Structure formats: C-alpha cells, structure tokens
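*Asks:* Starting from these lines, generate the structure:
(4 chains)
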There are 2 protein chains.
Amino acid sequence: MPDSKPKPAEAPAKILRRSSLPTLADVAREAGVSKMAASSALNGGQNSARVSAETRERVLAAAQRLQYRPNANALALTSRRTNAIGFITTLMGKDPNAYFLEVFGGVIQGAMATQQTTAVFTLSSWDEAPTRIPALCDGRVDGLIVLAPRLEDDGQAWLPQHTPMVSVHASGSWRAGGVNFETDDEAGAYEMVRQMFALGHRRILHVGGPAGYPSADSRANGYLRAHADAGVALPPDHVLRVPFTTEGGREAMQAWLQRHRGQPLPEAVFGGSDAIAIGCMEALVARGLNVPRDISVVGFDHTLLARTLQMAAVRQPLHEMGHQAVEVLVQLIEASRRDEAYAGPSNIVLLPETVAGRTLTEARQAPLLIS
Amino acid sequence: MPDSKPKPAEAPAKILRRSSLPTLADVAREAGVSKMAASSALNGGQNSARVSAETRERVLAAAQRLQYRPNANALALTSRRTNAIGFITTLMGKDPNAYFLEVFGGVIQGAMATQQTTAVFTLSSWDEAPTRIPALCDGRVDGLIVLAPRLEDDGQAWLPQHTPMVSVHASGSWRAGGVNFETDDEAGAYEMVRQMFALGHRRILHVGGPAGYPSADSRANGYLRAHADAGVALPPDHVLRVPFTTEGGREAMQAWLQRHRGQPLPEAVFGGSDAIAIGCMEALVARGLNVPRDISVVGFDHTLLARTLQMAAVRQPLHEMGHQAVEVLVQLIEASRRDEAYAGPSNIVLLPETVAGRTLTEARQAPLLIS
DNA sequence: GTGAAAGCGCTAACAC
DNA sequence: GTGTTAGCGCTTTCAC
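*Replies:* Next up is the predicted model:
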C-alpha cells in the first residue's frame, strides 16, 4: 500500500482546519494495517478473535490520535438507516410559539430515549408542503413527525409512500401519512367548565379561538355541553371567537367590557388558549380588576406561559405527544424496515387534564358591576 | 421498456410501505435507459446536450412516477457536504426554556436563509461534551453551533479540529472551537439603570442571577456602575443574587419584603432575567401592590415571556445571535472547505438595548411603606 | 448522444 | 489473524 500521502501538518493557531474528516484509510495507514483490520479492531467486540490484541491496540491509538469518527453518511448509505428523525413545522414567524416549544421538548426527549437525533425542518406555510415534504424524504432521516399540518387535500397524491410519518394535531383530511395524535379538546373544555361550576361560577365568559379551527370549535363545544349538562343557562354574548393571540384576547376583552358597562361582571373567563387568557387578564387588570379576587381566569394548553404565571388551565399533554410521537414513529420505521404492516391504531387521542392555578378560585359572593 | 413491474396496489388501509427509497437505478430501469443517462437527464440544465429531449422526458416521467429523490447520504458522501448544521444545547429539563427558544428561532431562520437544515443535539449536561461532541463531528453536519457551553477546560484537547464551530455565550475558557458570540451585559444593565434614574427612580432593587455566572455578574456590575456614575448612593441590601428562575425571584422578593417591613418600598425592581422579574412581580402583586403604579419592574433578555407580558426589559439580541451564528458558521465552513483561514473576528460582541413596557413608568412621588 | 468505470467511506462476505 | 472484493447510491471522468 503506497504510503506517500503527506501527513497533515499540525493545525496552526489560526482558524484553519483540515477540510476533510479522517477516514478509516487514514487510521489504517497511521497504524500500518489494512482498512479491514482497522475496521474490525474498531467495531469488533473486546474479545473478537478478528484481530490480535496488539493490532487492536495500535489501531485504537491511531484512531484516538487522529480523532477518527466513522463517517455517518457512509454508515447510513450502507446500513440504510440514519438514526435521525425529522420534525416538520411551519415557521413561527419571528416570534417563536410556546405550542411548538412544548411538543418539540417532547420530541427531543423521545429522540434521546431512542438514541435518535432530531432534524428540524420549517416551512413558511403549509402550502409548501407538497413540494418540500417529498424533498425531505430522501434518506436523510428515517422518518418524519409533522406538527399541526393544515392542508387542503389529504396528501395521498404527493406524500411519498416510503418514509414513515407521524402527525400531531393533523387537521382535516390529512391522514394519509400514517399515525396521527390528537387531544380530546371537547372533553378538556367540558371538564374545566364543570369544575368552574363546582366552584360556584355561573356566568363564565368564553373567549375562544377562531371559528373554523377544529380545536377552537371543540373547546367551544365542550363549554356549551357543560352548560347544557349542568342545566346552567348560557348568558347572552358570552362566547367570543378571536385569534389565538394575546392581542386577540386583550382587545376582545376590552371591547366586551366596554360593551357591557353597568352590567354584572362575569365570575370567570375561560380562554381558548393560554395566550388568549393572558390577554384577557391584561385587559381586566388594566381596568383595575383583581384576578382572581374579582374574577377568575383560566387558559388552555398550560404551556410555558401558563406555568410561569401559575395560571389555571386545561393542560394539553403536548410534551407527551411529542414524546409518544417519536416512539410510534420508531415503531413505524421498524415495521417499514421489515416490510411489515404497523399494527397499532392510526389515530391516537390523548386526554387533557385540568390544572389548578392562582387565577382560579371560588366565585365571589357579591357580584360586581362593570364600571 | 418493460412495464411489467407491478404497480403498487392502492395502499391498503394498513400502514405498509416500501422499505426502501427508489434509487437512480430504479428510475433508469423504469425509463429504459442507463443510470448515467438518468442522472444527466435529472441534473443537467434544461438545454444540456447530454441527453436527448425525448430521453429526458422519459426519465423525468419515470422519476415522477416513482417519487424519486436523490439519496441525501450518497450525495453527502460524494460531495462531502450535507448542507446541514448542528445545534448543540443542554437539555432544558422537562421545562423548555425561553432563552433556548429565542436563539433557536434565529438559527432556524439563518438556516433557512442559507438553505441549510438544522439538526438539534441535546446533552443532559456539559460534562458530556467531551465525549458527545466529538461523536457528532462525523460528517452528519457541516458545522456546529454550540449554545452556552459551560466547561472546565478549554476543549483544546478533545475538540475535533475538522468540524467548524461557533459558540453562543460560551463561558469561561471555551474558545478553542472557533468564533464566539456574546452580549455586552454590563452595558445593557448600565443603560437600563441609567434610564430608570432618568424616570426618577432612586431606590432600585436588583434581584440578579447567581453569583459566578459571568452574565449575572456583568449585569450586577452594570447596575453598580450606573449608580456610581450617576452619583446615586446604593441603599443597603439592594442587591440580591438568586437562581435564574421565577421561583428564585418570587421567593427572594417575598423574603426581602418581609425583611424590610415598615421601611420605604423601592421605586423599582431590576430583575437579572425575565423569569426573575416575573417572580418578583408575582410576589409584589401577591402583597397587594400594583405594578407599575406602586413599583416598576424590569427584566433582562426580553424573551417571549417578557413580550407576552409587555414587560420592560433589556433586550438581548438572542434571535440575531442565532441568525448571525449561522452566517458566520457558513463562512467558516466555506473557508474550511477551501483550506483557507477564516479572517473575521473570533469573538463577536452584540449590544443589548432597552425596551419599554407597561411595567416601567415614572417613579411615584410619594414613597410607600412596606406593610 | 450514450454508456462503462472509478471512487466517496464503510462493512459484510469471502479468500488466504 | 489478516487482506481482498463487492456494493450501498450517486456523480464525475473518460471512452465510444
């Protein structure tokens, strides 16, 4: 074997690096053995009879010296697996959103647990999905997790059939991909309102998310059903639908208070999301009201925002969803690799739970009037 | 052209996929041409004379039919570039943190701008760095961004020399990697306190981060220097050092108020981070005080939390740091590829700015007493 | 205009 | 125990 290749000079102090990673061939040369010997010395078990202890020693030393790492791409090419999963989401504008963060945390954790790495791919809009998603199914990851896709069609026509996929909160028709995770929003809202009734609240203002969003609609439905089941009459103009933002909640609340001056203040506000609830709180506080002494406020999702404020809220198990999504995805990947069908359910519904917080207390006895 | 290949039956309800991606060979076979012809038909410009228009047509159609995508690993192996960057951070416990989210948003954006994808790697502690980071330098990414590394040594001994690296807020000695980004915390704190003085505040309580953290120390120093420069005497017991958490701020604030009962309430609180400031606000509000009517509160970082609450704060340009980190990393990668030295500075200091918010107003005239 | 061959870095399957 | 070969999917020579 020709040994003419010049040994790389010691890297100077400036930021100048070898342009390429050391290869197995480098290690073998350094150790004076064949690539094969080097490979088995590095991979074989401690007691593999493949190489002599002396050779292994030399190879290991050489690898160490060169800071050798087997090339991930070569490995992936041969083994047909990357041990990486992709996480697709729409870009959170300049402002990151807490919802993404929660699920992402779960994904990261799930990935760690299953020894995978996570690659994040962002779309600027779901309109890009039909072109961008297929492009990501090129062997760079073993499978994909798609966060809250919102599409016109069901993806049957353009979704590659060869990359396992799990969606979280897929809306509408998207189901072609594989397994989907969702939350029983209706039940969560129902339970929260039920508990608020138990605390003596009767006039609960619902400031929900935009009409047309499945999750927002479900939450509003749960709110309504709780009233019906409890036999509590719904006061007029007590369901608002606003964008899923702090501003949405704040402005709607301000306008509502303005509109209902002189009338009794509701005992509580049920926000359609944490952000909405926070916006409502701000409007209430700005008006000199005290939460929860004068009025209770609860949110939905119980994201970082709610936790930081110790706000009562319906908790969506976002973290768990991310975590479980990875686990299911890994099963899909395994099944796919063996050309087997995946046996589990294709739609997994997780249950939300209510979380107490400083913003929700018993309803006050004497009703206040809106000033 | 053999058309005998069984058309994949309409995917049954069960989730069963081809275990492998279609390859160039598949496309060539489907189109009845050689791999070579297929390759040039797919890659050559529209008017490349390499293949006939008719052949190109056939190949393109076949590729479409098979949903063919060139294998990313094979490409990476040949081209020695993955167009991916890695982002290394310590795992945010179960609770994700807003700091990470900000920087990450910038990284994602920078990656989109430079057509890179981002892989996220999490360590459970920086102790793992010497073993885990080298393992990530295996060609799976073209370079690495390391978020807030906190290490004993400088990494010289174990950091691979062959993977370009950029750090953000590297603490202490880590500098071996390449370029580092940091914020001038001292200047940010100084400026904020100066502005508070201008609003009439004189007794400002600083609830800072833990002693020993460079950023926390710098902020405290800025606070002190502002006092010195303005000739404002520092009241006793007006600098606290607590963990960078809401609880840290809340508990410290509670205890402090308890400790100083009957004494005049400070006109303002300067939190060492957003979370700390929020904790302080909670403690103040719990005591029946109104922010900012009775007392102003400002934070540091101006993360999502601060923005949501419209809290005044020193804004660290975290998003920009992430974004710029990618840009610099790409330059390092390019330099490395050409075996050139990187010319730019190895430490980049960004300036923070103050952001107004609802929690900071002019100091009240009549001092309150702590009840 | 088209095809065959070599090689990217690696491992599994065979010689010796 | 050690070396050689082939092949993962692709592109880049180089022949035809």
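
*Asks:* Please report how far A:Lys35 lies from A:Ala28.
*Replies:* Distance, A:Lys35 to A:Ala28, using C-beta to C-beta, to the nearest Å: 5 Å. In short, each C-beta sits where N, CA and C put it, glycine included.

*Asks:* my bad, A:Asn97
*Replies:* Here the criterion is C-beta to C-beta. By it, A:Asn97 lies 50 Å from A:Ala28.

*Asks:* In the stretch 151-300 of chain A, what residue lies closest to DNA strand D?
*Replies:* Using C-beta to the nearest atom of the strand, A:His162 is the residue of the stretch 151-300 of chain A that sits closest to DNA strand D, at 11.1 Å.

*Asks:* With neighbour numbers in mind, choose between A:Lys35 and A:Ala28.
*Replies:* A direct count of neighbours by other C-beta atoms under 10 Å in any protein chain shown for A:Lys35 and A:Ala28 places A:Ala28 higher, at 21 against 15.

*Asks:* which of the residues in stretch A:219-233 are buried?
*Replies:* Neighbour-count burial for stretch A:219-233, counted by 16 or more other C-beta atoms under 10 Å in any protein chain shown, picks out A:219-220, A:222-227.

*Asks:* Sorry, wrong one. I was asking about stretch A:337-346.
*Replies:* A:Tyr342.

*Asks:* how long is it end to end?
*Replies:* 18 Å (C-alpha to C-alpha, to the nearest Å).

*Asks:* got it, and stretch A:41-56?
*Replies:* End-to-end for stretch A:41-56, by C-alpha to C-alpha: 5 Å.

*Asks:* circling back: okay, the buried residues of stretch A:219-233 in TSV with pLDDT, distance to chain B and secondary structure next?
*Replies:* Formatted as TSV, those follow (pLDDT from 0 to 100; distance: C-beta to the nearest C-beta, whole Å; DSSP: H, G, I helix; E, B strand; the rest coil):
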residue	pLDDT	distance to chain B	secondary structure
A:Arg219	98	20	helix
A:Ala220	98	23	helix
A:Gly222	98	25	helix
A:Tyr223	98	24	helix
A:Leu224	98	28	helix
A:Arg225	98	30	helix
A:Ala226	98	28	helix
A:His227	98	30	helix
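
*Asks:* For those, give me TSV that also has distance to B:Arg261.
*Replies:* Shown next, in TSV, are the buried residues of stretch A:219-233 (distance: C-beta to C-beta, whole Å):
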residue	distance to B:Arg261
A:Arg219	45
A:Ala220	47
A:Gly222	46
A:Tyr223	44
A:Leu224	49
A:Arg225	50
A:Ala226	45
A:His227	46
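
*Asks:* Does DNA strand D have contacts with the biggest helix by length in chain A?
*Replies:* The helix that spans the most residues within chain A, counting by DSSP state H, is helix A:318-337. No. Contact of helix A:318-337 with DNA strand D (C-beta under 7 Å from any atom of the strand) is absent, the minimum separation being 12.9 Å.

*Asks:* how about that helix: buried residues?
*Replies:* Buried-residue list, helix A:318-337, by 16+ other C-beta under 10 Å: A:318-326, A:328-333, A:335-336.

*Asks:* Is it correct that A:Gly209 is in contact with A:Arg219?
*Replies:* Yes. With contact defined as C-beta atoms under 8 Å, A:Gly209 and A:Arg219 form a contacting pair (7.1 Å).

*Asks:* what do those two both touch?
*Replies:* Counting by C-beta atoms under 8 Å, 6 or more residues apart in numbering or on different chains, the contacts common to A:Gly209 and A:Arg219 are A:Gly272.

*Asks:* per-residue confidence for the residue of the stretch 151-300 of chain A closest to DNA strand D?
*Replies:* pLDDT, A:His162: 86.
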